[in-house]
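Student: sequence and predicted structure are below.
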Amino acid sequence: MTNPPVMPAPVHLSASSGHFELTAGTRIHAPGDAEAVARYLAELLQPATGFALTIDQEDASGAISLTIGATDLPTPGYRLSVTEARIELRADDVPSLFAGVQTLRQLLPVAIEASTTQDVTWLVAGIEIHDYPRFSYRGAMLDVARHFFDVAAVKRYVDRMALLKLNVLHLHLTDDQGWRLHINSWPNLTALGATTAVGGGHGGFYSKADYTEIVDYAASRYITVVPEVDVPGHTNAALVAYPELNCDDVAREPYAGIEVGFSSLCIDKEVTYQFLDDVFREVSELTPGPYLHLGGDESLATSDEDYLAFIKRATEIATSHGKTLIGWHELGRSGDLPEGTIGQYWSYVTPREDADKRVNSFIQQGGRMIMSPADAIYLDMKYASDEKLGLEWADGPTTLSDAYHWDPAAIVEGITDEHILGIEAPIWTETIDNVRDLEYMAFPRIIAAAEIAWSPRSVHDWNDFTRRLADYAPRLDAAEIAYNRVPEMSQQ
Ligand code: TNX
């Protein structure tokens, strides 16, 4: 018997005998903090089964039991046991319990992903799993600046992430083409700076209520939102909205192209820092998570001296609002970062230029790294040269195999798991303007990314991964995920 395809691969899984059958009468026992996850599970199972499962906090006789308590696993993790009589899921903390539910979900027949009632016997084969993540930060980034994605689209992406045990949603909220979050003290950012997109589309932005709706929805899936306000480059939209942010006081024209590196806030003007203080304060107030991302990439229109002076002030202002900072790896040019600033690496699987030096700079300044090597994990790269969607700058197309065959701890010499907070799969949206295209670019490569983020190196195995993926395809179909059916998914 082959093991069920669980994505990402668990640390340990062994099949046992018998089957558990989920029926309309199955009760879920979930004391204390486990109850919220039990409610999520009941909601998840409802559409396809038609069952409204009863959740009980006190009565321990329920056949499915979700509990929080020590699992004796190395990091917060979960143990899942399925026998004919019971399903027992025990986790060290609530997010791990939620992760365990994602595993359980994948042990049910694929029809469980359907949005309408299915005539299926809901059997779960006997199994013992213990599992815990390799990295605590398992992210996906969505660029809502090049093309805007509304609240419903973001929620849908959040649910896709949850399935794969990803737990950080990084929103790239501002760029040359658009400013996508309303800021009360600088209202023209959205009134004038959000009206376009790449290719000249209509743009769009989140009201504060919209943004909070995303943050709350993500939180209900134990996903932390990291907002990015990209400065000092990638700021044309702000320079359109406020002439005073330009050194020459002349408002810029809206930009609908895909070049990078041409815009910069005016480094010498005091108003620039008032602007940053207001924006960082308002964004921080809306953000319960610990992180604020301030970009810092590709500031090619800013001189070295200006860049360093700017970063010193901008980071001081940002930390004054109580957040830990994240910056793209160029931020490591500064030796003056607030202690513990996190770097996000976007060079290649083999570092180029001074990317490895930048990484070491963050580590020396007490920070850790998020690894996003562009030639492995940039989900906006083409799958193949003849594809319509995607870019190719990161050494040509990125195949599923490229997305799977890399190790975050083998990129920069001396930088190993202890220096790595986690990994993140960005999806830049120059060529992507709708949910189907987004899912096509993300899936299946994001599954590879999730496996790099979650599963230990010891269980990484390309043949096993592609076999599981082929078995997994019907589940993606049932979930109506618009994935790219790459050749590896059709093998038997
Ligand atoms: C590089 S990598 C960028 C983005 C683009 C992306 C397209 C990085 C930090 N910046 O501005 O959208 O390439 O792949």
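Tutor: Received it, and whenever you're ready, just let me know what you need. This structure is a prediction, so every number in the text was calculated from the model and none was measured.
Student: look up how far the ligand lies from the closest residue to residue 46 other than its chain neighbours.
Tutor: Nearest residue to residue 46 in three dimensions, chain neighbours excluded: residue 52, at 6.4 Å (C-beta to C-beta, 6 or more residues apart in numbering). The C-beta positions use only the backbone N, C-alpha and C, and glycine is treated the same way. For residue 52, the distance to the ligand equals 45 Å [C-beta to the nearest ligand atom, to the nearest Å].
Student: got the contact list for residue 52?
Tutor: When contacts are counted by C-beta atoms under 8 Å, 6 or more residues apart in numbering, residue 52 touches 24, 42, 46.
Student: helix, strand, or coil at the first one?
Tutor: In this case it means residue 24. coil (DSSP: H, G, I helix; E, B strand; the rest coil).
Student: closest to the ligand among the contacts of residue 52?
Tutor: If you rank those by distance to the ligand using C-beta to the nearest ligand atom, residue 46 comes first, at 38.8 Å.
Student: what count of nearby residues applies to the residue in the stretch 151-300 of the chain that the ligand sits nearest to?
Tutor: As assessed by C-beta to the nearest ligand atom, the ligand sits closest to residue 297 within the stretch 151-300 of the chain, at 3.6 Å. Look at residue 297: counted by other C-beta atoms under 10 Å, it has 18 neighbours.
Student: please look at it and residue 234 and confirm they touch.
Tutor: Yes. Counting by C-beta atoms under 8 Å, residue 234 is a contact partner of residue 297 at 7.1 Å.
Student: for residue 325, helix, strand, or coil?
Tutor: strand.
Student: give me the nearest residue to it, chain neighbours excluded.
Tutor: Per C-beta to C-beta, 6+ apart, closest to residue 325 is residue 341, 4.7 Å.
Student: for the residue nearest the centre of the chain, what are its contacts?
Tutor: Centroid check for the chain by C-alpha atoms, centre = their mean gives residue 140 as the closest residue, at 2.0 Å. Shown in contact with residue 140 (C-beta under 8 Å, 6+ apart): 157, 161, 166, 168-170, 424-427, 442, 446, 449.
Student: quick one: it from residue 450, how far?
Tutor: 9 Å (C-beta to C-beta, to the nearest Å).
Student: which neighbours do these two share?
Tutor: By C-beta under 8 Å, 6+ apart, the residues touching both residue 140 and residue 450 are residue 166.
Student: got any ranges where the stretch 251-400 of the chain has weak pLDDT?
Tutor: Within the stretch 251-400 of the chain, no stretch has pLDDT under 70.
Student: need the strands for it, in chain order.
Tutor: 291-295, 324-328, 342-345, 369-371 (DSSP state E, counting those that start in this stretch).
Student: and if you look at the stretch 51-200 of the chain?
Tutor: Going by DSSP E, counting those that start in this stretch, the stretch 51-200 of the chain shows strands at 54-56, 64-68, 78-82, 87-91, 122-131, 137-143, 168-172, 174-175, 178-179.
Student: most tightly surrounded among these?
Tutor: strand 178-179 (a mean of 30; mean count of other C-beta atoms under 10 Å).
Student: mind checking how far the nearest residue to residue 427 once chain neighbours are set aside is from residue 431?
Tutor: In this structure, residue 427 finds its nearest non-sequential neighbour in residue 379, 4.2 Å apart by C-beta to C-beta, 6+ apart. The gap separating residue 379 from residue 431 is 11 Å, by C-beta to C-beta.
Student: just residue 408 next, same as before
Tutor: 26 Å.
Student: go on, residue 236?
Tutor: 19 Å.
Student: neighbour count: those two, which is higher?
Tutor: Using other C-beta under 10 Å as the criterion, residue 236 and residue 431 rank with residue 236 on top: 23 against 19.
Student: check contacts around that one.
Tutor: Residue 236 neighbours (C-beta under 8 Å, 6+ apart): 175, 176, 177, 252, 254, 255, 262, 263.
Student: what is the neighbour count of the residue lying closest to it once chain neighbours are set aside?
Tutor: Leaving aside its sequence neighbours, residue 236 sits nearest to residue 176 (C-beta to C-beta, 6+ apart; 3.6 Å). Using other C-beta under 10 Å, residue 176 has 29 other residues around it.
Student: can you show me the CA trace of stretch 160-172 as PDB?
Tutor: What follows is stretch 160-172 as a C-alpha-only set of coordinates in PDB (Å, rounded to 0.1, in the frame of the first residue of the first chain):
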ATOM      1  CA  ARG A 160      -4.600  28.000  -0.500                       C
ATOM      2  CA  MET A 161      -1.600  28.900   1.700                       C
ATOM      3  CA  ALA A 162      -3.300  27.400   4.800                       C
ATOM      4  CA  LEU A 163      -3.700  24.000   3.100                       C
ATOM      5  CA  LEU A 164       0.100  23.900   2.600                       C
ATOM      6  CA  LYS A 165       0.900  25.000   6.200                       C
ATOM      7  CA  LEU A 166       2.300  28.400   5.100                       C
ATOM      8  CA  ASN A 167       1.900  30.900   7.900                       C
ATOM      9  CA  VAL A 168       3.000  34.300   6.700                       C
ATOM     10  CA  LEU A 169       1.400  36.400   4.000                       C
ATOM     11  CA  HIS A 170       3.700  39.200   2.900                       C
ATOM     12  CA  LEU A 171       1.700  41.900   1.000                       C
ATOM     13  CA  HIS A 172       3.800  44.100  -1.300                       C
END
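Student: do that stretch and the ligand meet at all?
Tutor: No. Stretch 160-172 lies out of reach of the ligand by C-beta under 6 Å from any ligand atom, never closer than 8.1 Å.
Student: ok, now stretch 235-246?
Tutor: No. Stretch 235-246 stays clear of the ligand (C-beta under 6 Å from any ligand atom), getting no nearer than 11.9 Å.
Student: for that stretch, buried residues please.
Tutor: Neighbour-count burial for stretch 235-246 flags 235, 236, 237, 238, 239, 240, 241, 242, 245, 246 (criterion: 16 or more other C-beta atoms under 10 Å).
Student: for the contacts of residue 52, give me a markdown table that also has distance to residue 486.
Tutor: Formatted as a markdown table, those follow (distance: C-beta to C-beta, whole Å):
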| residue | distance to residue 486 |
| --- | --- |
| 24 | 38 |
| 42 | 34 |
| 46 | 32 |
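Student: quick check, nearest of those to residue 321?
Tutor: Of all the contacts of residue 52, residue 42 has the smallest distance to residue 321: 38.4 Å, by C-beta to C-beta.
Student: check contacts around that closest one.
Tutor: 28, 52, 53, 55.
Student: pLDDT score for the residue of the chain most remote from its centre?
Tutor: Distance from the centre of the chain peaks at residue 248, with 38.1 Å (C-alpha atoms, centre = their mean). pLDDT for residue 248: 98.
Student: beta partners for the residue nearest to residue 69 when sequence neighbours are not counted?
Tutor: Of all residues not flanking residue 69 in the chain, residue 90 sits nearest, at 5.9 Å (C-beta to C-beta, 6+ apart). Beta-bridge partners for residue 90, by DSSP bridges, are residue 67, residue 79.
Student: so where's the stretch 1-150 of the chain uncertain?
Tutor: The stretch 1-150 of the chain contains residues with pLDDT under 70 at 1-2.
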